[in-house]
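Trainee: sequence first, then the predicted structure:
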Amino acid sequence: MNIYVYIFTMALTTYLIRVLPLTIFRKPIRSRFLRSFLHYVPYACLTAMTFPAILSSTASILSGAAALIVAIVLAYRGKSLIVVAVSSSAAVLIVECILKLTGVLA
């Protein structure tokens, strides 16, 4: 019985998060600062969610950092998402193989 209460509560919360901005902000936002702030919120949230996972999802923080650097450089140069993802994965593989060969990673 409790699971239905949880599902209803989460559905209501999700609905309110999506509907409240539509009802509160009926006119276009004219504040340059507020528009700029709202423009960068999705990027900041995505970064806050993915950055810790990048460094902690590999066997070594060094391989995660190498993948992060490769991803930043390739994304800055305008490469496609698949190129960035494959190159970052290859960077993790190469760095972890080097760490295993040198004995740093057991």
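Mentor: Now that the structure is in, tell me what you want to look at. Numbers count the residues shown, from 1 in each chain.

Trainee: shaky segments in this protein?
Mentor: Filtered on pLDDT under 70, the chain yields the residue ranges 1, 106.

Trainee: give me the buried positions along the longest helix along it.
Mentor: Criterion DSSP state H: the longest helix present in the chain is helix 32-56. By 16 or more other Cβ atoms under 10 Å, the buried positions in helix 32-56 come out as 54-55. Backbone N, C-alpha and C define where each C-beta goes, glycine included.

Trainee: tell me what that helix is packed against?
Mentor: Packed against helix 32-56 by the contact rule (3 or more Cβ pairs under 8 Å, 6 or more residues apart in numbering; DSSP states H and E) you find helix 61-76.

Trainee: what does the longest helix of the chain rub up against?
Mentor: Residues from elsewhere that reach helix 32-56 (Cβ atoms under 8 Å, 6 or more residues apart in numbering): 29, 61, 64-65, 67-68.
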